[in-house]
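Novice: Just need the structure, nothing else, for what follows:
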Amino acid sequence: GRMAVLLERDPGLLNRRDPVSGLTAVHWLAKRGDADGLLELWRLAGSAGLRLDVDGRAGGAGYTPLHLAAMQGHHMVIKLLVGAYNANVDARDYAGRKAWHYLGSGTPGKLRELVGAQEEECPPRTGARAQRAGNETEQAQKKPPSFAIASVQRFFQLNYWRQWRSQRSVDREPAAAANTRTLAFP
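Specialist: Model (predicted):
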């Protein structure tokens with residue numbers, strides 16, 4: 001279909017990177033979980049005598065298509081990349097993590113083995129991901145105090161809302177008068 005026409009016109013599109021994200025067509029298909037599109041792209045590349053780069057690294061973080069498929073939990077794409085296209089399971093992103101580090105906890109054991117999962121320790125998270133993970137852990141450990149829950153419930157009561165709004169408008173009037181100045185020009 002459409003991919004065949006585009007590849008006939010410009011075979012370089014096969015492994016061309018997006019100028020902003022650095023993702024190739026294989027990266028996008030892996031990220032979306034489009035196993036059929038990946039099969040079609042592989043077939044078209046083979047029939048045109050072109051090599052499909054399944055181990056290329058994306059821009060900023062150095063993710064391979066296998067990393068992206070693992071992050072998104074696309075099991076069929078992972079099976080295709082590793083089983084059929086021999087994607088490198090030992091490739092690491094720029095944080096030092098392999099694709100299996102991004103697999104969800106509910107991933108079947110056989111698939112974990114296919115991707116090369118071992119009992120080794122994950123490299124520590126760095127940057128924004130580490131901060132988000134730390135915040136999630138802290139929030140899970142903190143419970144809101146009972147007065148906060150009561151004040152939230154009170155906030156949604158209609159009478160409380162009306163009182164709050166009328167008090168706010170009273171508080172604003174003197175401030176508004178103080179902010180208005182008369183300008184005198186010499």
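
Novice: Helices along the protein, start to end?
Specialist: For the chain, the helices defined by DSSP state H cover 2-9, 25-32, 35-47, 65-72, 75-79, 109-114, 127-141, 146-155, 158-179.

Novice: Send me stretch 67-83 as CSV with only the CA atoms.
Specialist: Taking C-alpha atoms only, stretch 67-83 is exported to CSV below (Å, rounded to 0.1, in the frame of the first residue of the first chain):
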residue,chain,number,x,y,z
HIS,A,67,13.3,-0.5,24.5
LEU,A,68,10.2,1.4,23.3
ALA,A,69,8.2,-1.8,22.8
ALA,A,70,9.1,-3.0,26.3
MET,A,71,8.1,0.4,27.8
GLN,A,72,4.7,0.2,26.1
GLY,A,73,4.2,-3.5,26.9
HIS,A,74,3.7,-4.5,23.3
HIS,A,75,4.5,-8.2,23.6
MET,A,76,3.9,-9.2,20.0
VAL,A,77,6.3,-6.5,18.8
ILE,A,78,8.9,-7.7,21.3
LYS,A,79,8.6,-11.2,20.0
LEU,A,80,9.0,-10.0,16.4
LEU,A,81,12.0,-7.8,17.1
VAL,A,82,13.9,-10.4,19.0
GLY,A,83,12.6,-13.7,17.5
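
Novice: That one - what's its average pLDDT?
Specialist: The pLDDT scores in stretch 67-83 average 95.

Novice: Show me what counts as buried in it.
Specialist: 67-72, 74-75, 77-82 (16 or more other Cβ atoms under 10 Å). C-beta here means a position set from N, CA and C on the backbone, and glycine is covered the same way.

Novice: okay, now residue 114: neighbour count?
Specialist: 17 (other Cβ atoms under 10 Å).

Novice: Could you double-check that it sits in contact with residue 81?
Specialist: No: if you go by Cβ atoms under 8 Å, residue 114 and residue 81 don't touch, sitting 9.8 Å apart.

Novice: Report how many residues lie close to the closest residue to residue 45 other than its chain neighbours.
Specialist: In this structure, residue 45 finds its nearest non-sequential neighbour in residue 52, 4.3 Å apart by Cβ to Cβ, 6 or more residues apart in numbering. Residues near residue 52, counting by other Cβ under 10 Å, number 19.
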